[in-house]
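Student: Predicted structure and sequence below. I'll ask about it afterward.
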Amino acid sequence: MAEAKLPYITLTQFLKLNGFASTGGQAKYLVKELDITVNGVKEDRRGKKLYPGDIVIVNGRKFVIE
């Protein structure tokens with residue numbers, strides 16, 4: 001049976017998947033330390049849900065959630 005995919009990922013999951021953090025604890029810390037915007041809005045909530053099409057900018061690097 002195939003595993004269902006969530007329709008979103010959290011900001012901490014995003015940071016881990018994109019190599020900014022190697023652990024959840026590190027990602028939690030980095031959410032507060034890095035310059036992060038989601039769809040043009042400054043973001044520092046580690047549980048922020050990211051959906052396909054969202055634009056995330058981390059320290060000037062742009063990512064589009066797929």
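Tutor: Yep, that arrived. Numbering: from 1, shown residues only.

Student: Show me what the longest helix seen in the chain packs onto, helices and strands only.
Tutor: In the chain, ranked by residue count with DSSP state H as the criterion, the top helix is helix 24-33. The criterion is 3 or more CB pairs under 8 Å, 6 or more residues apart in numbering; DSSP states H and E, and the helices and strands that helix 24-33 contacts are helix 11-17. Every residue, glycine included, has its C-beta placed from N, CA and C.

Student: Tell me which residues of the helix it packs on come out buried.
Tutor: If you call a residue buried by 16 or more other CB atoms under 10 Å, then helix 11-17 has these buried ones: Leu11, Thr12, Gln13, Phe14, Leu15, Lys16.

Student: Tell me which other helices or strands it touches.
Tutor: Contact here means 3+ CB pairs under 8 Å, 6+ apart; on that basis helix 11-17 packs against helix 24-33, strand 55-58.

Student: and the gap between Lys49 and Ser22?
Tutor: Distance of Lys49 to Ser22, given as CB to CB, to the nearest Å: 22 Å.
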